[in-house]
Structure formats: structure tokens, C-alpha cells
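# Below is the sequence, then the predicted model.
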Amino acid sequence: MLATARRCAILATAIGLIGAPAAAQPPPAAAQPPPPTVTSTPFATPDTDRCPHRVAPPPAIDLSEVPAPGDPTPTPLPVPQRPIGGGDLDRCGIVTADGTPPLPAEISATGWVLADLDSGAVLAAKDPHGRYRPASTIKILLAIVALNELDLDTVVTATEEDANIEGSAVGLGKGGTYTIRQLMQGLVMASGNDAAHALASQLGGVDETVRKMNETAQGLGAFDTRAATPSGLDGPGMSTSAYDLALLYREAMRNPTFAELIRTESVEFPGFPRDPNDPLPTTDPAAAGDPASSTPVPTDHPPFTLANDNSLLYNYPGALGGKTGYTDDARQTFVAGAERDGRRLVVTLLAADVRPIRPWEQAARLLDHGFALPASTSVGTLVDPGSADAAPAPSILLATPPPPAADDHDEPGAAPSRVPVLVGGGVVIAALLIGAALLQRRRR
């Protein structure tokens, strides 16, 4: 607003000077030194070399993760003693294979993974097992659960609670009827939290759905992941990693229905009945010309065209579709896949920013990089469900002093914020419970 007003003032001044008589114009000023150049702070991708998020996501900036009165504070998820996926995935900074070209510039994501969907080879990564908040990318996990349990042709009537859920919405209305397939379209195409809530109701309620999501994540080897809400709204204990999101996307893409839904650009979506108590009803056109009709007649909300919100789908040749996400605490999150010359890749971004380029553009840069690498490139692998590599490994206790409240990332030159401490035997359990309780108390 101020910038617009300033531009208008400058334009008005310029017009006034152009239209003024020559005698009215001020004499030329004496030569002055040029104004100092104003430079903005150059963008820098956050440094994760010292594993600042090995145990838990960065501190929350709002109250979204404060447990409800009487609810316990979740302790951090255990950290596997060996990194899931092996290779160099235990590193927290940039992970690339020897002899590969430099990574693309302008990638702001704090954590990311680039992997082959078919072979499972991880081609490159940054803080692959660092723990971050997923935002709406967790809807991929909800989609896996829903597609495994629900009949796509089942018809659901939306409730007022569905329609009024917090955050992004596809546009469900109280009393509207939708098939599970249509709710899935609203979930993955428009990131509808209302659709997520309606699906959760069909899965046994929010708490039961979250339990099923977390059980599924564990069964797939996604040990950095814990859902706190079905939709991705931040909640106590919410966590995932760039590695886990790639793992979850790969699993979801094995389902032809998910693969179809995620790449759909647009579809007709049902309307819903208008509440007769709506304070601003519209007039029924059939009754508008009837003098006897003095009371406006409520009409239904009509069907509408639902468009996919993933810009990569429209702008990247071979895009397979993906999932966007954002909350104040999670920042920008993104998952997507693409195919080129018979090769399919997935890219995941966590704790990203819209600068210097949008997340989908960062994903496009990384995908281009991946397609240029030899198919044999690997720094690790996306484990297969049910394999020995996806089985829970012994965990280690990491002593993690609380990070500075005012900064999500360590300053260059500062001492490491987390020091691993390996503890054996029965002491692990007691130390973990006591240490985590003290840690959470200090964080709160």
C-alpha cells in the first residue's frame, strides 16, 4: 500500500513537472554524488551440517503445538541407530555422489531428497533424515490409508464440522453429498482440509485416523514421521523428513487411483444445498418475476470446476503430480514426481521459502539435475515396505539442549547444538523418559 502510494506521488510529480512552464521549473542542481546503493541481504540456504533437526523440528513460532489441557506433551520420536536407506543418508548437510555435477542454485529448502521412483535410488539430498513439519504433504499418508480402506463409490454427507474446518478447503458444504472419490479429489488436488476431515470421519474419527496414519508410516519404514492431524495442520509432535516424504510418495504412486488423482488438472465438483437460514439468500430466478413472491427463495450452491493447485503439473513436461503444503511453522513444503525417457523421479522439499524462486521451480531445477545424472547414481535407497531395511532398528538417545528461541538455525561458528550420546542397556528407557520430559518442560 505504501509502495503504491509512493509510486503514485512520484508519477504525479513527474506529470506536474512535464506540464509546468519552463520558467516555473527549478534551476539545475549542482552535481551531487549518486545515492548509496541499497542492497538486500543475499539469500543463503540454511546450514544443516551440524544436524540441528536430527531429533525434532525447529521450535514452533505459534501455539499450534501446545497440547490440549490434560494431554501429555509428545516426546521426540526415537532416532534409528543406523539411517534408514543406508549409504550416506546419515549425513545432515548436502549429500551427493562423487563425480556428479554441482547442484542447481537457488534451492531454499532446508531439507530435500531427489530419488528414483522405480529403483528407489536416492540421487542426492540435503538433511534427508532431518525432522521438519510436513504441512499438507502429510495428506499423501492420509490418502494411502483412505485408499486402502474406503470404497471410492461410497456416498458421504458433509457435516457442519467438515465445512467449517480450519485452513484450506475444497468447498464442502453442510448437507452436500460426495463420493469418497470426490473427497479424494478435493484432498490431493485442492489440499482441502474439509475433505481430510470428512475422510477421517469415515475412517473412525480424527484420533483413530491419526493412529492409522502413524501405524502405516511405521510399517513403511518412515520412522521420522508422526502425524498429529489428518490434514497437516500443525499439532503436538508433528514430524516428518524429506526422506520419509519420498518414501510415502513412492508408496502412494503404486496405487493407480492415487496416480490418476494426483495428475488430474481439473474436474467438476459437486455443489451443496444452501442453508435456509442463510442471512444472505439469493433469489430463485423462477420466482423473481412472480409478483406474489415477496420472499427471496434460497437456492443451492452450484457445482464448480476444481483445479489442481500444483503449478509444476502445468509447467513441467512429464510432471506426474504432487502435493503442496504450507503453515506458519512448517513454511513451504512440496512433493512431486516427473517422468522423462521412461525414468521417473521424485523430489521433496521441507522448510522451504518462496525466495529466491517458488518451491515448484526449485523442484523443477532439482528434477532437471536428477534426469541429467546417470541411472546408476546413488547415495542411498528408498526402502521397500516389509523389507529388512524397513524394519525398526535399535535407537539411540540424543541429548538435545533446547535451541535458541529466536533462531531456527545455528549461527555459523557457533558450537554444535546437539551432541549425540549413545546409551546402552536398560538405562536407555529411563534416561529417554526423564531427559525428554525435562527437555519438553524447558521448551514450553
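Sure, I can see it.
# quick one: Glu268 from Gln185, how far?
10 Å (Cβ to Cβ, to the nearest Å). Every residue, glycine included, has its C-beta placed from N, CA and C.
# Then Leu247?
Leu247 sits 24 Å away from Gln185, going by Cβ to Cβ.
# more crowded one of these two?
A count of neighbours by other Cβ atoms under 10 Å puts Leu247 above the other of Leu247 and Gln185, at 31 against 24.
# Show me which parts of the host helix or strand of that one are buried, residue by residue.
Here Leu247, judged by DSSP states H and E, is contained in helix 242-252. Using 16 or more other Cβ atoms under 10 Å as the test for burial, helix 242-252 gives Ala242, Tyr243, Asp244, Leu245, Ala246, Leu247, Leu248, Tyr249, Arg250, Glu251, Ala252.
# One more: stretch 361-369?
Neighbour-count burial for stretch 361-369 flags Glu361, Gln362, Ala363, Ala364, Arg365, Leu366, Leu367, His369 (criterion: 16+ other Cβ under 10 Å).
# for these, which one is nearest Ala105?
Ala105 has its nearest neighbour among the buried residues of stretch 361-369 in Arg365, at 7.9 Å by Cβ to Cβ.
# which strands and helices sit next to the stretch of helix or strand the closest one belongs to?
Element membership of Arg365, judged by DSSP H and E, is helix 359-372. When contacts are defined as 3 or more Cβ pairs under 8 Å, 6 or more residues apart in numbering; DSSP states H and E, helix 359-372 sits against strand 111-116, strand 121-126, helix 311-315, strand 319-327, strand 331-340, strand 343-352.
# what lines up beside the next helix or strand after that helix in the sheet?
Using DSSP H and E, the next helix or strand after helix 359-372 towards the C-terminus is strand 380-381. Its sheet considered, strand 380-381 pairs with strand 121-126 (antiparallel) by DSSP bridges.
# what residues does the helix or strand following the partner strand touch?
Using DSSP H and E, the helix or strand that follows strand 121-126 in sequence is helix 139-149. Residues outside helix 139-149 that contact it (Cβ atoms under 8 Å, 6 or more residues apart in numbering): 180, 184, 187-188, 191, 196, 199-200, 202-203, 209, 212-213, 216-217, 222, 225, 227, 230-232, 245, 248-249, 251-252, 255, 257-258, 261, 323, 325, 335.
# Can you turn the buried part of these into a PyMOL selection?
To isolate the buried subset of the contacts of helix 139-149 in PyMOL, counting by 16+ other Cβ under 10 Å, use the following:
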select buried, resi 180+184+187+188+191+196+199+200+202+203+209+212+213+216+217+222+225+227+230+231+232+245+248+249+251+252+258+261+323+325+335
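# Now, the contacts of helix 139-149 that are in helices?
Among the contacts of helix 139-149, the members falling in helices (DSSP state H) are 180, 184, 187-188, 196, 199-200, 202, 209, 212-213, 216-217, 245, 248-249, 251-252, 257-258, 261.
# Return the most buried member of the helices and strands packed on helix 359-372.
Highest mean neighbour count of the helices and strands packed on helix 359-372: strand 111-116, a mean of 29 (counted as mean count of other Cβ atoms under 10 Å).
# Report the angle between that strand and strand 121-126.
160 degrees (axes from the mean of the first three to the mean of the last three Cα atoms, to 10 degrees).
# Listing partners with orientation, what would you give for strand 111-116?
strand 121-126 (antiparallel), strand 343-352 (antiparallel).
# pLDDT (mean, whole number) over the last one?
Along strand 343-352, the predicted local confidence has a mean pLDDT of 98.
# and if you look at stretch 93-105?
Averaging the model's pLDDT scores along stretch 93-105 yields 96.
# Show me where the stretch 51-200 of the chain dips below the pLDDT cut-off.
Filtered on pLDDT under 70, the stretch 51-200 of the chain yields no residues whatsoever.
# again, 90 this time
For the stretch 51-200 of the chain, applying pLDDT under 90 flags the ranges 81.
# about what we covered before: looking at the buried residues of helix 242-252, which is nearest Pro303?
The closest of those, once distances to Pro303 are taken by Cβ to Cβ, is Ala252, at 27.3 Å.
# mind checking pLDDT for the closest one?
At Ala252, the pLDDT value in this model is 98.
# Now do the contacts for it.
Neighbour list for Ala252: Ile140, Ala143, Ile144, Phe258, Ala259, Ile262 [criterion: Cβ under 8 Å, 6+ apart].
# re earlier: for Val383, state which of the buried residues of stretch 361-369 is nearest.
Of the buried residues of stretch 361-369, the one sitting nearest to Val383 (Cβ to Cβ) turns out to be Leu366, at 21.2 Å.
# How about the contacts made by that closest one?
Leu103, Pro104, Ile107, Trp112, Leu114, Ala124, Val347.
# Mind listing the residues bridging to the fourth one?
Which is Trp112. As for beta bridges, Trp112 partners with Lys126, Leu349 under DSSP bridges.
# Please verify my assumption that it contacts Val346.
No: using Cβ atoms under 8 Å, Trp112 is not in contact with Val346, being 10.8 Å away.
# quick revisit: quick one: buried ones out of the contacts of Ala252?
When the contacts of Ala252 are checked for burial by 16+ other Cβ under 10 Å, the buried set is Ile140, Ala143, Ile144, Phe258, Ile262.
# re earlier: how far away from the center of its chain is the helix holding Leu247?
13 Å (Cα atoms, centre = their mean, to the nearest Å).
# Report how many residues lie close to Glu65.
Neighbour count for Glu65, taken as other Cβ under 10 Å: 21.
# distance of it from Ala198?
Distance of Glu65 to Ala198, given as Cβ to Cβ: 24 Å.
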